[in-house]
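> Here is my input, please return the structure:
(one chain, ligands or ions: 1)
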Amino acid sequence: MPRYALPPYKIKMVEEIRLISKELRQKRLEEAGYNPFRLRSEDVYIDLLTDSGTGAMSDRQWGALMQGDESYAGSRSFYKLEEVVKRITGYDYFIPVHQGRGAEQVVLPLLVKQPNMIFLSNTHFDTTRAHVELSGARAIDIPAKETYDASAVFPFKGNFDLEKLEKQILEHGIERIAGIIMTITNNSAGGQPVSLANIKAVREISLRYGIKTIIDGARYAENAYFIQQREESCKHMSIKEIAKEVFHCADIFLMSAKKDGLVNIGGIIAIKNDFALFQACQTRVVPYEGFPTYGGLAGRDMEALAVGLEEALDPAYLRYRIDEVRYLGDLLQAAGIPIQFPTGGHAVFVDCGQMCPHIPFDQFPAHSVACELYIEGGIRGVEIGSLLLGRDPDTLENMKAPKEYLRLTIPRRTYTFEHWNYVAEVFKNVFERRESIKGLEFVYESPVLRHFTALMKPIQA
Ligand code: F0G
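Residues are numbered from 1 along each chain as shown. Model (predicted):
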């Protein structure tokens, strides 16, 4: 067996990428207000901003596009996708939406039945948190003790803290809990997987108290692969069997299909045996997303998704996908660069708080390293730390994130190991001069989701 899995595909179409000169990169970053989000993608050589909608479709998916039925109502493509979603999840009802947050805006407010309700999650993704708050509820994260412990080598750092989960339910009162959201894999905590045992335990608690369980399953296939590889009792189960078991432990499945759907746009709502909720979702999907048999997608998008969902469950694909992330993580770790370990499913998370302890959290160490990485080698990563977290709504003080991560997010089926060798070389150069990296201050800061649009400048000592 090779140390890392070999790619189970070859390249049929290529897209040109260019590395512009260092002088030009410096100029472009200045023009972008030291915010990589504001760069034009053609000025980026390796784009590791996100794995969302950035992957490559297969020849089968491109072929399927031609079969799209663009009827407004009752499209053949809808029924094809519905069959696949129902088969994979075992759920009774399906509604397509344009992407993950479309699913959130349709479903989450329906679960908030009174003022001051609460959602509990291993970690809410930012848009999920935003929709929870927009619906008048509060989002509370209860990740496992091991999640942010850099020294702990733990196979399932995405898990819930089960004790705290039950404590929170009892403290706030059952009637105030709108739902339990299982984010699999746990994106914000490093793309870390959640074990089947943990998922089953969450289900047991939810059933005991009669609380709905929601899977935020953008990367559910990657999570199933980790379960197969790392959970002794699941070694002999297929990926599909594991996925089924996971779905069995919830009532609602919300999916950004831009990840494990292997498409550039698309999302899924699936509901288990709650016809009233399904009807309520159908009612809401019309004004927000579109008629319930297209939900903001073209027929061709639904065709590509029907194929992509199956491909993402292919063991050979998953083995290579996860090994690609591990390969980059191993290269960085071998160079002494502190990363979230073991590496997760969709990205390598570099601990920039540890790498640059001289930069205070409110001068955004991970964002500073992101800027240096772009100047050094045209690579674009994304800060997942205090810049992203924002300010306390009451005190307006900067909040301190548990970790100052730089996320190097790996698009699916897009780059090669040669690209990862290059990324590691560039990162090593930045790491060697880490002590000279300066923090950043705001020139402009928007009141919400400031990381997307902020203008910044390096702090001169
Ligand atoms: N849930 C999770 C766990 C996600 O990672 C995302 C998106 C969403 C929901 C929302 O889905 O973007 O299709 O509306 N994550 C992307 C990222 C944006 O870069 O991590 P969406």
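
> Look up phi and psi at whichever residue of the stretch 201-350 of the chain sits closest to the ligand.
The nearest approach of the stretch 201-350 of the chain to the ligand comes at residue 256, 3.1 Å away (Cβ to the nearest ligand atom). C-beta: built from backbone N, CA, C; applies to glycine. According to degrees, to the nearest 10, the main-chain angles of residue 256 amount to phi -80, psi 110.

> gap between whichever residue of the stretch 51-200 of the chain sits closest to the ligand and residue 276?
Proximity of the stretch 51-200 of the chain to the ligand (Cβ to the nearest ligand atom) peaks at residue 100, 2.3 Å away. Using Cβ to Cβ, to the nearest Å, we find residue 100 at a distance of 24 Å from residue 276.

> again with residue 266
Distance from residue 266 to residue 276, by Cβ to Cβ: 26 Å.

> So between those two, which is more surrounded?
residue 266 (29 against 9; other Cβ atoms under 10 Å).

> per-residue confidence at the residue lying closest to the more buried one once chain neighbours are set aside?
Using Cβ to Cβ, 6 or more residues apart in numbering and skipping residues adjacent in sequence, the residue nearest residue 266 is residue 257, 3.8 Å away. What the model reports for residue 257 is a pLDDT of 98.

> now do residue 107
pLDDT, read off for residue 107, is 98.

> Next: residue 152.
For residue 152, the predicted pLDDT is 86.

> ok, back up a step: okay, now the residue nearest to residue 266: neighbour count?
33.

> Could you list the domains of this protein?
Domain assignment for the chain by automatic domain parsing gives 22-51+314-458, 59-311.

> can you point me to the longest strand in this structure?
Longest strand of the chain, by residue count under DSSP state E: strand 177-183.

> which other helices and strands contact that one?
In terms of contacts (3 or more Cβ pairs under 8 Å, 6 or more residues apart in numbering; DSSP states H and E), strand 177-183 is packed against helix 100-111, strand 118-121, helix 126-134, helix 162-172, helix 196-209, strand 213-216.

> residues of that strand that come out buried?
Buried residues in strand 177-183, defined by neighbour count with 16 or more other Cβ atoms under 10 Å: 177, 178, 179, 180, 181, 182, 183.

> State the distance from the second one to residue 133.
Computed with Cβ to Cβ, the distance linking residue 178 and residue 133 is 12 Å.

> The third one now?
When distance is defined by Cβ to Cβ, residue 179 is 14 Å away from residue 133.

> before we move on, back to that, what is the neighbour count of the closest residue to the residue of the stretch 201-350 of the chain closest to the ligand other than its chain neighbours?
The spatial neighbour of residue 256 that comes closest, neighbours along the chain excluded (Cβ to Cβ, 6+ apart), is residue 100 at 2.6 Å. Residue 100 has 26 neighbours, counted by other Cβ under 10 Å.

> Make sure residue 100 is actually in contact with residue 218.
Yes - using Cβ atoms under 8 Å, residue 100 is in contact with residue 218, at 5.9 Å.

> Overlap in contacts, these two.
Common neighbours of residue 100 and residue 218, using Cβ atoms under 8 Å, 6 or more residues apart in numbering, are 125, 255, 256, 258.

> Which positions are bridged to the third one in the beta structure?
Listed by DSSP bridges, the beta-bridge partners for residue 256 are residue 267.
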